[in-house]
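Visitor: Build me a structure from this.
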Amino acid sequence: MAGRTAVIIGGTSGIGRAVVDRFAAAGGAVILGGRSQETLDAELARIAGAGGTATGHVVDMAARESIAAFFARVPHLDYLFAPGAAYQVASIHSDDHDAVESPFRSKFWGQYYAVHEAAPKLSPDGAIVLMSGAAGARPVKGASAYAACNSAIEGLGRSLAIDLAPVRVNTVSPGTIDSDLWRRRPARQRSSAFDSYSRATALGRVGTVAEVADAVLFLFGNGYMTGSTLFVDGGYVLP
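Guide: Okay, here's the model as predicted:
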């Protein structure tokens, strides 16, 4: 990764942040995207303090114009990972249409337009890693649109691997991960969700952000892998 540049949108926390740390430690330069200038500034200072190289710009993954403005400031990149979506999970019975549509609006279309804007600036031997989620392959009750969104992202990855070749495009599909997102939720809710997920997996536990970040770096670097989905889910999607 030394001497290469990665755009990581959503790189100020969770899985994205773990990818940033690994990429910077390997000698790569990072262009961060985040929703808050204050958070971006703090992360850029942290990375610089650790000896890494990073710049960053504010971006809203639910707004096409914001994504376009972000990439207008990016001259060139070798890798793209854009998990920085904000959405809600709602039931088919919900009349909250904004909540129902939010996974597609932010997670699917956000990544789609990030790729659209990045593609002309990507190295021919570069790589894109999309992020879906294990619910796309094994849905949970009450999350139809969310499950469909994750499945759609995996289909998008396979199609882009053909459309953008020789640029490699793969998808990482995490299960439930002990991340900043879950740690901001009430302890009882988190414990119940973790216990339920753990019982549904072969390994009997939730994952870590480090384990997903390792998979992303693998997909960045493997020169003969494209059009695939890599499940980092402890065996959740096994029959």
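Visitor: Strands of this structure, residue ranges please.
Guide: With DSSP state E, the ranges of strands along the chain come out as 5-9, 29-34, 53-58, 77-81, 122-131, 168-174, 177-178, 207-208, 229-232.
Visitor: Using JSON lines, please lay out these together with mean pLDDT.
Guide: Below are the strands of the chain laid out as JSON lines (pLDDT from 0 to 100):
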{"stretch": "strand 5-9", "mean pLDDT": "97"}
{"stretch": "strand 29-34", "mean pLDDT": "96"}
{"stretch": "strand 53-58", "mean pLDDT": "96"}
{"stretch": "strand 77-81", "mean pLDDT": "98"}
{"stretch": "strand 122-131", "mean pLDDT": "98"}
{"stretch": "strand 168-174", "mean pLDDT": "98"}
{"stretch": "strand 177-178", "mean pLDDT": "94"}
{"stretch": "strand 207-208", "mean pLDDT": "96"}
{"stretch": "strand 229-232", "mean pLDDT": "98"}
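Visitor: could these be laid out in TSV, adding distance to Glu101 and mean neighbour count?
Guide: From N, CA and C alone the C-beta is placed, and that goes for glycine too. Formatted as TSV, the strands of the chain follow (distance: least, CB to CB, whole Å; neighbours: other CB atoms under 10 Å):
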stretch	distance to Glu101	mean neighbour count
strand 5-9	20	27
strand 29-34	22	24
strand 53-58	23	18
strand 77-81	24	25
strand 122-131	19	20
strand 168-174	21	26
strand 177-178	24	20
strand 207-208	28	19
strand 229-232	24	20
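Visitor: Which one, of those strands, ends up nearest to Asp96?
Guide: Asp96 lies closest to strand 122-131 among the strands of the chain, at 24.1 Å (CB to CB).
Visitor: Specify the angle between that closest one and strand 168-174 in degrees.
Guide: 20 degrees (axes from the mean of the first three to the mean of the last three CA atoms, to 10 degrees).
Visitor: which residues are contacting strand 122-131?
Guide: The contact list for strand 122-131 (CB atoms under 8 Å, 6 or more residues apart in numbering) reads 15, 76-83, 107, 111, 115, 118, 153-154, 156-157, 160, 164, 166-174, 216, 219-221, 223.
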